[in-house]
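Asker: quick check, what structure comes out for this input:
(one chain, ligands or ions: 2)
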Amino acid sequence: MSAGPEFDTTFASLPDEFYSYTQPIRVANASSIIQNSNLATKLGIDPEWLVSNEALQILAGNQTAMGSAPMAQAYAGHQFGSFNPQLGDGRAHLLGEIVAPNGERFDLQLKGSGPTPYSRRGDGRSPMGPVIREYLISEAMAALGVPTTRSLAAIATGEVVMRQGPTPGAILTRIAPSHIRVGSFEYFAMQGKQDSVKTLADYCIKRHFPQLADHSQPYLSFLNEVIMHQAKLIAQWQGLGFIHGVMNTDNMLICGATVDYGPCAFMDQFDPEKVFSSIDKQGRYRYSQQPGIGQWNLVRLAQALLPILHTNGEQALADAQQALDGYVKHFGSAYQKVMSNKLGFSQPQASDQALTEQLLSIMTEHQLDFTLCFRYLVDQVATDTQHQPIGDVFSAPNELLLWQQQWQQRLAADTQTQAQRYPQMKQANPAFIARNHQVELAIRAAEDQGDYQPFYDLLSVIKAPFEYQPTLKTFALAPLPQEVVQHTFCGT
Ligand code: AMP
Ligand code: MG
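Answerer: Ligands and ions are numbered 1, 2, ... in the order given. Predicted coordinates:
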């Protein structure tokens, strides 16, 4: 039989206080839900091994892989604005790091694999619903070109977990460039452990930003780099109508990938004040707040790094402030670029902001579907005879038709041709997102009937989000009023 992944876990070289060695807890009756063979190939894991019984037992936590010493990572975090000094992986086990054939290093982590020393009161398990949700949405994000953790496999545990009622349990195998969070830095900073903050920063620089190692102020460069990645990431979310839902500092990765698909969702009808999360009563993490919260989180990172930014405290503060000011600039230009791609412009221009805002306010006023409205614009510039328009899936109100005249004028004055514009717009405006009501259907079928087919069907659609097919119309349609999902829930 083919061999499993080869682990090379550099995180284990860090001092003990960064993690706890802890074994996953065996499950009663592991069975496979899905394996991601394309991702396996990219990671240099043999897809045949991934479907083997050995892989099933390892990814269920029943067996330890060769070379793996499972651990839970320590971190803290600001949750809904309040500091929690002790979080850590409460239901996740890092099996180890693997190096892909292209040289990139990834964490391979089980989520829902049992309690750890950081669990506090939780059971360390995950219901099947959140596993399916994370699998779908993380893979949708990857297909949309958004930096994200990935899903390598999902396994049913054959056990029941108690939440609102009894629910079948599952375990996700999550892949990430690393799981180091803003909260990982806060964990040490708040204990006054500057040496550990420095050790972690050195580790992150080496792992994620090796080009910064010989900068004159490497930690300041590191902060700048994290800020830039985070700004770009959130601009991409905004451009897709994606609401993360729980942007706590323990859910923000230093490497700039989206993580923690709990109460997240793609919006249907556009509403800048949209909140899905059932626990976000104040709307702290609503769509319009995401860019600002991104900066708030980075202020927490900057604070944690202060003592190592500069030996002179005042200078450190000034440097941090300057870096944080850069966030607004980075976000602004990334967002402009995202929007200008969506609208088919070769370069953003100052006057585009008004045009974009007009469009968004028409969308708000007429409660237009975010995804379909932008996709409809792609149909207006299609040059390819193979292009499949969304047709009656979307109908444009008069105000939008009027707006289009201005937009067409702007396009006519642009330097790029229609033939260049079409692929650009198509790649920026998906026909398919992981719609909440479809995700919910897939979860209900899996949890209630043990039927994974709706999950597989939805997954295959969202893996090719930019290619519309009339036969897949159901997946493009906005929900009917009775299908609308108003609230989403954390995995817990
Ligand atoms: P999350 O909401 O997933 O970001 O989790 C916040 C914190 O709660 C993290 O420290 C998790 O490890 C912990 N946690 C969440 N769910 C569970 C669970 N079922 N059992 C133990 N710990 C959990
Ligand atoms: Mg989390």
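Asker: please go through the chain and pick out the longest helix.
Answerer: The longest helix of the chain (DSSP state H) is helix 313-343.
Asker: buried residues, that one. List them.
Answerer: Using 16 or more other C-beta atoms under 10 Å as the test for burial, helix 313-343 gives 316, 319-320, 323-324, 326-327, 330-331, 334-343. No exception for glycine: its C-beta is placed from N, CA and C like everyone else's.
Asker: give me the mean pLDDT for the very next helix or strand once past that helix.
Answerer: Remark: after helix 313-343, the chain's next helix or strand is helix 352-365, criterion DSSP states H and E. Mean pLDDT, helix 352-365: 98.
Asker: ok, residues contacting helix 352-365?
Answerer: Residues from elsewhere that reach helix 352-365, judged by C-beta atoms under 8 Å, 6 or more residues apart in numbering: 270-272, 336, 339-340, 343, 345, 368, 370, 373, 397, 399-400, 403, 406-407, 410.
Asker: what do you get if the cut-off is 6 Å, keeping everything else the same?
Answerer: Under the contact criterion C-beta atoms under 6 Å, 6 or more residues apart in numbering, helix 352-365 has outside partners 270, 339, 373, 399, 400, 403.
Asker: after that helix comes which helix or strand?
Answerer: helix 370-381.
Asker: what does the protein put close to ligand 1?
Answerer: Contacts of the chain with ligand 1, taken as C-beta under 6 Å from any ligand atom, map to 87-91, 115, 118-119, 122-125, 250-251, 260, 262, 490-492.
Asker: who in this protein is up against ligand 2?
Answerer: Applying C-beta under 5 Å from the ion, one finds that the chain approaches ligand 2 through 251, 260.
Asker: domains for the chain, by residue range?
Answerer: Here the domain assignment for the chain is 10-180, 183-265+278-341, based on automatic domain parsing.
Asker: any idea how far the shortest one is from the chain center?
Answerer: This means domain 183-265+278-341. When distances are taken as C-alpha atoms, centre = their mean, to the nearest Å, domain 183-265+278-341 is centred 14 Å away from the chain's centroid.
Asker: same check on stretch 173-186?
Answerer: Using C-alpha atoms, centre = their mean, the offset of stretch 173-186 from its chain centre is 12 Å.
Asker: what lies in contact with that stretch?
Answerer: Contacts for stretch 173-186 (C-beta under 6 Å, 6+ apart): 59, 75-77, 106-107, 109, 111, 149-150, 152-153, 197, 204, 249-250, 252-255, 257, 297, 300-301, 304.
Asker: taking the contacts of helix 352-365 together, which two end up most distant?
Answerer: 339 and 399 (19.0 Å; C-beta to C-beta).
Asker: now name the helix or strand holding residue 175.
Answerer: Secondary structure (DSSP H and E) places residue 175 in strand 166-176.
Asker: buried residues in that strand?
Answerer: 167, 168, 169, 170, 171, 172, 173, 174, 175, 176.
Asker: could the residues you listed go into CSV alongside pLDDT?
Answerer: What follows is the buried residues of strand 166-176, written out as CSV (pLDDT from 0 to 100):
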residue, pLDDT
167, 96
168, 98
169, 98
170, 98
171, 98
172, 98
173, 98
174, 98
175, 99
176, 98
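Asker: just the closest of these to ligand 1, please.
Answerer: The shortest gap between ligand 1 and any of the buried residues of strand 166-176 belongs to residue 169, at 10.2 Å (C-beta to the nearest ligand atom).
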